[in-house]
Each structure stands twice: as C-alpha cells, then as structure tokens.
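[1] Quick one: sequence and predicted model below, then my questions.
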Protein chains: 2
Amino acid sequence: MALGRPREFDTDTALDLALHVFWRKGYEGASMTDLTEAMGITKPSLYAAFGNKEDLFRKALDRYVDGPGGYFRTGLEKPTAREAVQHILYESVEAVTDPKNPGCLAVQGALCCGDAAETIKQELTARRSKSEDDLRIRFTRAIAEGDLPADADAGDLARYVSAILQGMAVQAAGGAPREQLRKLADMAMRSWPPI
Amino acid sequence: MALGRPREFDTDTALDLALHVFWRKGYEGASMTDLTEAMGITKPSLYAAFGNKEDLFRKALDRYVDGPGGYFRTGLEKPTAREAVQHILYESVEAVTDPKNPGCLAVQGALCCGDAAETIKQELTARRSKSEDDLRIRFTRAIAEGDLPADADAGDLARYVSAILQGMAVQAAGGAPREQLRKLADMAMRSWPPI
DNA sequence: AGACTTATCTACTGAACGGTAGAAAACTTT
DNA sequence: AAAGTTTTCTACCGTTCAGTAGATAAGTCT
C-alpha cells in the first residue's frame, strides 16, 4: 500500500485547523484562502484530500462532536437527569467562552447564510435537532426511573435545555463573559426541573 | 421645494421590502441584486436613496424595532414584571414563527458572518445588549416596587429572559413549530421568577 | 532502471460580489 | 423656453469567491 507520492501534511491536524477557522468565521465567512492559509496547504491539496468546501465542513463537524463537543455525550451518561443537565450546561459555558474555541459551531453556522449554504443550514439544523432528541430520550428514561416527576414532558424539557444552550451560544457570540453565563446556568439549575 | 426629478418609488415601502429580504437571508446572504429585485429599483437608485448596503441595513433595522419588533417596548410598559415577560415571550413566539417574518432579525444577522460584516455584527450585538439592559432596568424597578423578590438579581433575570428569547429564535430558524415554542414559553413562565 | 500512482505547485477559470461613471430623462425654477 | 437639480438607466469597475488544468515532484511497484 501507500502508493504514489506521500501526503506531506496530517489530515487530522489539518482538519482541526480548518475546524477552528469555521468556528471563528462560520461556514460562509471562512473563505478557501482563509482555510488553506490556516491549514498550511494549497487549494489543490485541500480539494484532493477533502473534496469541496461543504465536504470539508462536514468532516470538521464530525471532528467537533467527537472532540470539543464531547461533553454533550458525556453529560447524557450521568446517572441522573439533573446531573446530566448540570454537566452539559456548565461544560457548555466553558466551551463557548473558551477563547480557543470562539463560539458554538452548531449555532454559529446555523443562521444568516446565503442560498449557497442552504444544505449546510439543513445539516446544522438536523444536528441540533438530533441533540435535542438525545436529551428527550434521556429525560424519558429519567421519568421512567422516577428521577424526574411523572407528569413532566420530556420533549418540553429537552426543548427548554436546548433553548438555554442556544441562548448561551448567542450571548457568548456577543462577548458575554464566562462569569455571566455561569450565573445563567446557575439560575437554570436552581429551578430545575421547571415543571 | 422638491427640486429635480421626483423619486418614482416610496422609500418607506422600499425599506420594508429590503427588511424582509434581510430577514429571510441575513445581512451577508442578501445580495444587492436580491435587494434591488425585491425592491423593484435599480442599484444606482438604491445607492442614491440609502447610501451603501450597511446604511440600508441599519435603516431597515430601525424600521424593524418600530414595526414588527415593537412588542418588546410594549411589553416593558406592562404594570408588572411578570406581565412584561409574559407579553414579550408570547409575542416573540408569534413574531419568530410568523411565515411573513421568517426569524428574528437580531439573531439572524448576528452570527456566521465574514470579515466584511464585522461592524454589522457589532451593531446587532449592541442592540441585543440594549434590549437586555432595558429588561434589567425594568426588573430593577420591579424589585423596588416589591413586584419581584428583594433578593432577585435584575441582571441575571434579564440575561435569563434574553437567553430564552434567543434560544427561541434559533429554534424557529430550525423550523420549530409555533406550538412547541408556546410550550417553551409556558415552561419559562411556570417557573418565573427562577430565583 | 523504468512504469505507475498520487501529491504538490503555479496559474488560471467563470461567476458573483459591492459599488460607480456617465448619459439621458423628468421635474422646478427663473 | 432655458437653466438647474435630482433620479433613473445601462454598462461597467476591480475584487473576491469556489473550484480546476496541467505540469512537476516524490514516492512504490515490477
């Protein structure tokens, strides 16, 4: 194997670099020039390795959920719904206010896009919807386990937590300091579950 | 007065048409061609009447807060903090899920923008921050009037309501139906104030 | 060594972007 | 009617966009 000239860059680290550009500028805001300069490769190399811009973005997204976005899955595995929400909320605060990870990728690219980014918009919407569904399933289990009140609506609770997370992402994009978002998480936790 | 050739279009209705294009596509997503076609005028006419794209967007924004976004100010004038929040939340649900007003302009344009839109991003951030501050001032008054608990933090509450509103806007952009957002507002109201 | 395969490079598309020049048209004023 | 002012139009500007052609370089295979 390994026929032909060997690749001179590591695709995974290049993908990480691309991820950070998309993170900072959004899908449409990140030009191919921005990306190639950050990744340290030329455009033909990028196209040969990753396809087109859309493919690159999807691959970067996958890397996001397995890397910096991993706290979400970790949170779902906590023993109680309360601990799950707490973990996800507070880790999300750290993530969206981390100067190395400026903003939430899922929200960042979700809005304000032109016609060309329609499919990207759908992809991000689908991923957000998937996260909300994961929450709903977790809450359904919690209700069955007596961990949440029997008359709670798992879907409503999932939507509520999602809204808080998305609101935090918007506020972080507006420059809200970590301390303020922590207090927002505090408040959401104090009245949890908001039946 | 009224020297020279008279303008053949009405600037206010043209601004409304522009507003809807920005609403649907965001600041960067709306091209000058999109705008002129929707407004029914040519590019030089647009530039002569409104300046450049950025000026046009700001004028459309002003028209937004005085028109479709007017429910916010109306809400602030309600006699109690609870009624204010209730009014703003439910009217916001109607606004962001109105098929004629697809999304929240303030959130729509706030993210995912390239370098060119940096000043627009700042403008939108400033306006969102202003709204949050209006809420904070209203809550401060409510605390003084005994309308909210004395140990409540007006700033935290304002941030909380803002987060819910922004979360709703993101979910609406993702196609969430009106019914679901109403239930989200219900939930936020049920645990109000979340001290 | 030589054939084969793949990566890398410079240089370039065509299209879309925001914005404008310059002439003609439509009005008020004198 | 002529001068002055402003709008409107077609046609264009330079720039940037995502994406590519074609030559060359660097490896592995027989």
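    Happy to help now that I have it. From a predicted model like this one, the values you see are computed outputs, not experimental measurements.

[2] next SSE after the helix or strand of chain A with the lowest mean pLDDT?
    Scoring the helices and strands of chain A by mean pLDDT, DSSP states H and E places helix A:105-108 at the bottom, with a mean of 73. Using DSSP states H and E, the helix or strand that follows helix A:105-108 in sequence is helix A:118-144.

[3] Report the buried residues of that next one.
    Neighbour counts over helix A:118-144 (16 or more other CB atoms under 10 Å in any protein chain shown) mark A:120-121, A:123-125, A:127-128, A:131-132, A:135-136, A:138-140, A:142-143 as buried. Where C-beta positions appear, they are placed from N, C-alpha and C, glycine not excepted.

[4] now do stretch A:44-54
    If you call a residue buried by 16+ other CB under 10 Å, then stretch A:44-54 has these buried ones: A:Ser45, A:Leu46, A:Ala49, A:Phe50, A:Lys53.

[5] Check stretch A:181-195 too.
    Residues of stretch A:181-195 classed as buried: A:Leu181, A:Arg182, A:Lys183, A:Leu184, A:Ala185, A:Met187, A:Ala188, A:Ser191, A:Trp192, A:Pro193, A:Pro194 (neighbour count, 16+ other CB under 10 Å).

[6] Stretch A:18-37 now?
    So, applying 16+ other CB under 10 Å, buried residues of stretch A:18-37: A:18-30, A:34-36.

[7] Quickly check the buried residues of helix A:118-144 for the two that are furthest apart.
    A:Ile120 and A:Ile143 (35.0 Å; CB to CB).

[8] for DNA strand C, what are the nearby residues on chain A?
    Counting by CB under 7 Å from any atom of the strand, chain A comes close to DNA strand C at A:3-9, A:41-45, A:48-49, A:114.

[9] Restricted to strands, list those residues.
    Per DSSP state E, strands hold no members of those.

[10] Is the helix or strand A:Lys183 falls within in proximity to chain B?
    Element membership for A:Lys183, per DSSP H and E: helix A:178-190. Yes: Helix A:178-190 reaches chain B (CB under 8 Å from any CB of the partner chain) through A:Gln180, A:Lys183, A:Leu184, A:Asp186, A:Met187, A:Ala188, A:Arg190.

[11] between those residues, which is closest to A:Ala84?
    If you rank the residues of helix A:178-190 next to chain B by distance to A:Ala84 using CB to CB, A:Ala188 comes first, at 13.0 Å.

[12] Which residues are in contact with that closest one?
    Contacts for A:Ala188 (CB atoms under 8 Å, 6 or more residues apart in numbering or on different chains) come out as A:Val85, A:Leu89, A:Val161, A:Ile164, B:Tyr160, B:Pro194.

[13] what kind of secondary structure is the last one in?
    State at B:Pro194, reduced to three classes by DSSP: H, G, I helix; E, B strand; the rest coil: coil.

[14] per-residue confidence for it?
    Here the pLDDT value assigned to B:Pro194 is 90.

[15] what's the answer for the second one, then?
    As predicted, A:Leu89 sits at a pLDDT of 98.

[16] cool, and A:Glu94?
    Per-residue confidence (pLDDT) for A:Glu94: 96.

[17] Excluding sequence neighbours, find me the nearest residue to A:Asp16.
    Nearest residue to A:Asp16, sequence neighbours excluded (CB to CB, 6 or more residues apart in numbering or on different chains): A:Arg63, at 6.6 Å.

[18] in what helix or strand does the one you found lie?
    Using DSSP H and E, A:Arg63 sits in helix A:53-66.

[19] continuing past that helix, what's the next helix or strand?
    Next element after helix A:53-66 (DSSP H and E): helix A:71-76.

[20] where does chain A dip in pLDDT?
    Low-confidence segments of chain A, defined by pLDDT under 70, span residues A:1, A:108-113.

[21] who in it is up against DNA strand D?
    A:1-6, A:28, A:30-34, A:43-44, A:47, A:52-54.

[22] still on that earlier bit, what angle do the helix holding A:Arg63 and helix A:118-144 make?
    20 degrees (axes from the mean of the first three to the mean of the last three CA atoms, to 10 degrees).

[23] Run through the neighbouring helices and strands of helix A:53-66.
    helix A:11-25, helix A:32-39, helix A:43-50, helix A:118-144 (3 or more CB pairs under 8 Å, 6 or more residues apart in numbering or on different chains; DSSP states H and E).

[24] Throw the ones you listed into a markdown table and include distance to B:Val170, thanks.
    Below are those laid out as a markdown table (distance: least, CB to CB, whole Å):
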| stretch | distance to B:Val170 |
| --- | --- |
| helix A:11-25 | 17 |
| helix A:32-39 | 25 |
| helix A:43-50 | 28 |
| helix A:118-144 | 8 |
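
[25] Closest residue of chain A to DNA strand C?
    Closest to DNA strand C within chain A is A:Gly4: 2.0 Å, counting by CB to the nearest atom of the strand.

[26] Neighbours of that residue, how many?
    The tally of other residues near A:Gly4 (other CB atoms under 10 Å in any protein chain shown) stands at 5.

[27] do you know how far it is from A:Ser131?
    For A:Gly4, the distance to A:Ser131 (CB to CB, to the nearest Å) stands at 40 Å.

[28] again with A:Ser92
    For A:Ser92, the distance to A:Ser131 - CB to CB - is 11 Å.

[29] what touches both of the two?
    A:Phe72.

[30] where's the nearest residue to A:Met189 once chain neighbours are set aside, which helix or strand?
    Using CB to CB, 6+ apart and skipping the chain neighbours, the partner closest in space to A:Met189 is A:Gln86 (5.8 Å). According to DSSP H and E, A:Gln86 maps onto helix A:81-96.

[31] Residues contacting that helix, please?
    A:68-69, A:71-72, A:74-78, A:101, A:103-104, A:138-139, A:142, A:147-148, A:161, A:164-165, A:168-169, A:172, A:178, A:181-182, A:184-185, A:188-189, A:192-193.
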